[in-house]
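Participant: Predicted model and sequence follow; I will ask about them next.
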Amino acid sequence: MSALWIAHVTVTDDEAYGKYAAIATEAIAAHGGVFLARGGRHISLEGTDRPRNVVARFPSVEAAEACYRSELYQEALSHAKGASERDLMIVEELE
């Protein structure tokens, strides 16, 4: 079953986070990920509001996790650490 990669982000360093986003885009695509939402308008109804919200669909939970653990994504993540506050989860979609 397909899976959603859901990230809620507050960017604290635009330049460093831009480097993250460029490399992460490559890593996500390399693992079959397709962006469904990336930033843009949102309405927060409960919980912590973060101004940047990203949703990507992957072919499976395993593909999404493999992306996260990949060398390329870890390189991207090195730019995000210290440049953002993030929550990231993988959620399996319903059939």
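Facilitator: Received, thanks.
Participant: Is residue 59 in contact with residue 2, as I believe?
Facilitator: Yes: Residue 59 is in contact with residue 2 according to C-beta atoms under 8 Å; the separation is 6.0 Å. C-betas here are computed from N, CA, C, even on glycine.
Participant: What are the boundaries of the strands in this protein?
Facilitator: 3-11, 34-38, 52-58, 84-92 (DSSP state E).
Participant: Reformat those as JSON lines; add mean pLDDT, mean neighbour count and distance to residue 68.
Facilitator: Output for the strands of the chain, formatted as JSON lines (pLDDT from 0 to 100; neighbours: other C-beta atoms under 10 Å; distance: least, C-beta to C-beta, whole Å):
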{"stretch": "strand 3-11", "mean pLDDT": "97", "mean neighbour count": "19", "distance to residue 68": "8"}
{"stretch": "strand 34-38", "mean pLDDT": "97", "mean neighbour count": "13", "distance to residue 68": "15"}
{"stretch": "strand 52-58", "mean pLDDT": "97", "mean neighbour count": "19", "distance to residue 68": "10"}
{"stretch": "strand 84-92", "mean pLDDT": "97", "mean neighbour count": "15", "distance to residue 68": "8"}
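Participant: Switch those strands over to TSV; also include distance to residue 19.
Facilitator: Output for these, formatted as TSV (distance: least, C-beta to C-beta, whole Å):
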stretch	distance to residue 19
strand 3-11	12
strand 34-38	16
strand 52-58	15
strand 84-92	11
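Participant: Cheers, nothing more for now.
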